[in-house]
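S.K.: I would like the atomic coordinates for the input below:
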Amino acid sequence: MSQITTHILDTSIGKPAYGITIKLLENIGGDWIERSSGITNKDGRINDLLAADEILAFATYKMVFDTRHYFEAHKIEVFYPSIEIIFKIHSTEHYHIPLLLSPFGYSTYRGS
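M.R.: Predicted coordinates:
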């Protein structure tokens with residue numbers, strides 16, 4: 001399994017958010033460098049954002065969720081066209097970063 005995984009739930013309909021592109025970027029010297037990207041599956045998950053044996057450096061990272069296309073595809077007005085979650089990697093353990101999404105709000109937490 002990837003060291004970083006994510007799961008998006010659309011809380012407005014109580015279902016996974018399918019087809020959202022997510023980019024993982026690393027902050028190197030103040031610049032954001034893309035490390036990988038993926039698209040959520042029918043369960044709203046990306047389990048292979050990184051190769052199973054890839055361990056990230058202890059650094060600051062950002063996941064960028066392209067929510068604009070998801071909401072437009074569902075004919076819902078877009079208020080947050082992109083969501084950025086910035087976090088720090090402090091160990092080699094697994095990091096699960098879920099996103100709870102609705103048209104006019106979102107929340108996140110460190111999952112397991």
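S.K.: burial of residue 50, as a residue count?
M.R.: Residue 50 is flanked by 19 other residues according to other C-beta atoms under 10 Å. The way it works is simple: take the backbone N, C-alpha and C, and place the C-beta from them, glycine included.
S.K.: how about the nearest residue to it, chain neighbours excluded?
M.R.: Distance criterion C-beta to C-beta, 6 or more residues apart in numbering; nearest residue to residue 50, sequence neighbours excluded, is residue 2 at 4.3 Å.
S.K.: same question for residue 85.
M.R.: residue 63 is the one closest to residue 85 (C-beta to C-beta, 6+ apart), at 4.8 Å.
S.K.: in contact with the one you found, which residues?
M.R.: 4, 6, 22, 23, 24, 25, 84, 85, 87, 97 (C-beta atoms under 8 Å, 6 or more residues apart in numbering).
S.K.: check the secondary structure at the fifth one for me.
M.R.: For residue 24, the secondary-structure state derived from DSSP: H, G, I helix; E, B strand; the rest coil is strand.
S.K.: am I right that residue 71 is in a strand?
M.R.: No - counting by three-state DSSP, residue 71 is not part of a strand but helix.
S.K.: what residues of stretch 39-56 count as buried?
M.R.: 40, 44, 45, 46, 47, 49, 50, 56 (16 or more other C-beta atoms under 10 Å).
S.K.: other residues contacting that stretch?
M.R.: By C-beta under 8 Å, 6+ apart, stretch 39-56 touches 1-10, 15-22, 24, 26, 35-38, 89, 92.
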